[in-house]
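Undergrad: Let me see the structure of the following:
(chains A and B)
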Amino acid sequence: MSDQQTQKLIEIDMRGQVCPACLLVAMDKLNRHREALKEGQERLCIKTDNREATTTIPTTARNMGYSVTVTKMDSFYQICVGRSVTESRK
Amino acid sequence: MITNSTFLMYAAGGLIGLLAGFLMHRSDYCVAGMFRDAFLFRNTFMLRSLCIQVVATMVFFEIFRTLGLLPLYPFPLLGFASAANIIGGFLFGIGMVMAGGCVVGTLYKMGAGSVISAVAFIGLLVGSAIYAEFHPLWASFVKTTQLFPSAKTLPELFGVNPIALLLPVASASTLLFIKWHKENTIIRPSEVKGYIQPWKTAVTLALLALLSYVLIGMPLGITTTYAKIAAMIESVVIPNHLSAVSFFQLTALNITHPSTGALLQGGPGPQIDSIWVIQFPLIAGIVLGSTLSALLLGEFSIQYKVPSMQIVMALSGGVLLGMASRMSAGCNVWHLMGGIPILALQSLLFLLGLVPGTWVGSKIVSRIILGAVKK
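TA: Here you go, the predicted model:
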């Protein structure tokens, strides 16, 4: 329970933004929060409507050793990088 | 082939545009992104598809030329090479990266609901109108820097049959594509809904360019009509000024199609002429094709909350694109997907300028975007 409470979710909404803002900002966040993301203290979730980003962000993040999920939401995609505490317990 | 029927020309252009827009949305076939990502992220995946498209177009055009089905060769509206093509290509490269899409990328992104691309589209019209103002100056620069006054293509320059140059280029490229195929670098997994592998879009676009060349007499082109739309707006807002701008009085296209005997005539002015009939359906088709694709996927959405800096950047990029497409005598679609396949000198020079231009554009864009994040 304590893990779940301490994991911080970093959410960014990149919908409607110019290419390649989504990948650039995602990479910037990945680099800045590297330690916390690796240790599972933080998780990065990006909302995007850029179809290309749903391939480029996961590829980049996986190459850096993160686990990534891509979920189709309403009219956009949510890309989450890093372990989800709730998911890893299942 | 259908040039004697305005209805068929509209229908063919519209259908080609619809299919192109649909596929480009599915594959996110963004030419600006292809060059940009190669520089910014060392990611050349999409650029490989562009290479496939160029070579496929080259092969299709050459087969049909050899069969005598392309009586207009080189195609109309293709001029002589000059330093203007390099400079125009360079500015075009910067512009398309800043606008977040080239002259066609802007259309399909706008069709899927992108506000940024709609802003870039307005920029394109403004840029075309600005070019019209300094056209006389630029036209004299084009004249003084003309490079090969007797040849429009590389085969013409060397005085050889096009196949002598095209066959080695196409063969070497095919070997390279086979290598890519073996290394599994032409396709990639995608988690996105309704994804179409870009190489399939590349080959289809090559077929559409061929269809356009056979039916209408030239490959795909759209940017003269951007100038035309700008002229149409000026004719309503500032009609007196419009009639004083020499660029809008030009007749850039003036040919008789050999197989139908139809007279194809037109220019950037505000009138409905052959250029409008050829290009406008394509523009409308691309936008609608992309809208259709996005609606079918449930991905059509209009997002207004965009950083204002990005709006300014897209507008400036669009203006630059609009100006540069006239300065270089054609856009990336015209030069890369029509001119380079026949080794047109103008188009080769355009590419020579385009590559460093996209590099500069990539630097500007990443600085602006990341600068805004760090604030």
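
Undergrad: Relative to chain B, which residue of chain A is the closest?
TA: With Cβ to the nearest Cβ as the measure, the residue in chain A that lies nearest chain B is residue A:16; the distance is 2.7 Å. For the C-beta atoms, the positions are set from N, CA and C on the backbone; glycine is no exception.

Undergrad: what secondary structure does that residue sit in?
TA: The assignment at residue A:16 comes out as coil when based on DSSP: H, G, I helix; E, B strand; the rest coil.

Undergrad: Quick check: it vs residue A:49, distance?
TA: Going from residue A:16 to residue A:49 by Cβ to Cβ, to the nearest Å gives 7 Å.

Undergrad: what does residue B:96 give?
TA: Distance from residue B:96 to residue A:49, counting by Cβ to Cβ: 20 Å.

Undergrad: between these two, who's got more neighbours?
TA: Set side by side, residue B:96 and residue A:49 give different neighbour counts by other Cβ atoms under 10 Å in any protein chain shown, the larger being at residue B:96 (34 against 24).

Undergrad: Could you verify my assumption that that one touches residue B:30?
TA: No: using Cβ atoms under 8 Å as the test, residue B:96 is too far from residue B:30 to be in contact (9.2 Å).

Undergrad: and for the two, which residues touch both?
TA: Overlap of the contact sets of residue B:96 and residue B:30 (by Cβ atoms under 8 Å, 6 or more residues apart in numbering or on different chains) consists of B:102, B:105.

Undergrad: follow-up on the earlier one: could you pull out the residues contacting both of residue A:16 and residue A:49?
TA: For the pair residue A:16 and residue A:49, residues contacting each of them under the criterion Cβ under 8 Å, 6+ apart are residue B:303.

Undergrad: Work out for me the element the spatially most central residue of chain B sits within.
TA: The residue at the geometric middle of chain B, judged as the C-alpha nearest the mean C-alpha position with Cα atoms, centre = their mean, is residue B:333 (2.3 Å). Residue B:333 is part of helix B:332-334 when elements are defined by DSSP states H and E.

Undergrad: hmm, who's touching that helix?
TA: Outside helix B:332-334, the residues that reach it (Cβ under 8 Å, 6+ apart) are B:31, B:92, B:96, B:102-104, B:219-223, B:347, B:350, B:354.

Undergrad: redo that, cut-off 10 Å
TA: The list of residues contacting helix B:332-334 from outside it, by Cβ atoms under 10 Å, 6 or more residues apart in numbering or on different chains, reads B:20, B:31-32, B:35, B:50, B:75, B:77-78, B:89, B:92-93, B:96, B:102-105, B:205, B:209, B:218-224, B:282, B:321, B:324-325, B:328, B:339-340, B:344, B:346-347, B:350-351, B:354, B:358.

Undergrad: Packing partners of the next helix-or-strand element following it?
TA: Past helix B:332-334, further along toward the C-terminus, the next helix or strand under DSSP H and E is helix B:345-374. For helix B:345-374, the packing partners by 3 or more Cβ pairs under 10 Å, 6 or more residues apart in numbering or on different chains; DSSP states H and E come out as helix A:21-32, helix B:31-40, helix B:83-99, helix B:154-158, helix B:308-327, helix B:332-334.

Undergrad: would you turn those helices into TSV with mean pLDDT and distance to residue B:249?
TA: Supplementary listing: the helices and strands packed on helix B:345-374 in TSV, determined by pLDDT from 0 to 100; distance: least, Cβ to Cβ, whole Å:
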stretch	mean pLDDT	distance to residue B:249
helix A:21-32	92	42
helix B:31-40	96	32
helix B:83-99	97	20
helix B:154-158	97	30
helix B:308-327	97	15
helix B:332-334	94	22
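
Undergrad: Validate this expectation: residue A:71 resides in a helix.
TA: No: using three-state DSSP, the assignment for residue A:71 is strand, not a helix.

Undergrad: isn't it right up against residue A:48?
TA: No: shown here, residue A:71 and residue A:48 do not form a contact pair, counting by Cβ atoms under 10 Å, at 11.3 Å.

Undergrad: Between the two, which contacts overlap?
TA: Common neighbours of residue A:71 and residue A:48, using Cβ under 10 Å, 6+ apart, are A:54, A:77, A:78, A:79.

Undergrad: Return the member of those residues nearest to residue B:26.
TA: For residue B:26, the nearest member of the shared contacts of residue A:71 and residue A:48 is residue A:54. The distance, counting by Cβ to Cβ, is 12.8 Å.

Undergrad: how about the strands in the chain?
TA: Chain wasn't specified; assuming chain A. A:8-13, A:42-48, A:68-72, A:77-81 (DSSP state E).

Undergrad: my bad, chain B
TA: Taking DSSP E as the test, the strands found in chain B are B:253-256, B:263-266.

Undergrad: Reformat the helices and strands packed on helix B:345-374 as a markdown table; add distance to residue B:138.
TA: Compiled in a markdown table, the helices and strands packed on helix B:345-374 are given as follows (distance: least, Cβ to Cβ, whole Å):
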| stretch | distance to residue B:138 |
| --- | --- |
| helix A:21-32 | 33 |
| helix B:31-40 | 23 |
| helix B:83-99 | 7 |
| helix B:154-158 | 24 |
| helix B:308-327 | 6 |
| helix B:332-334 | 17 |
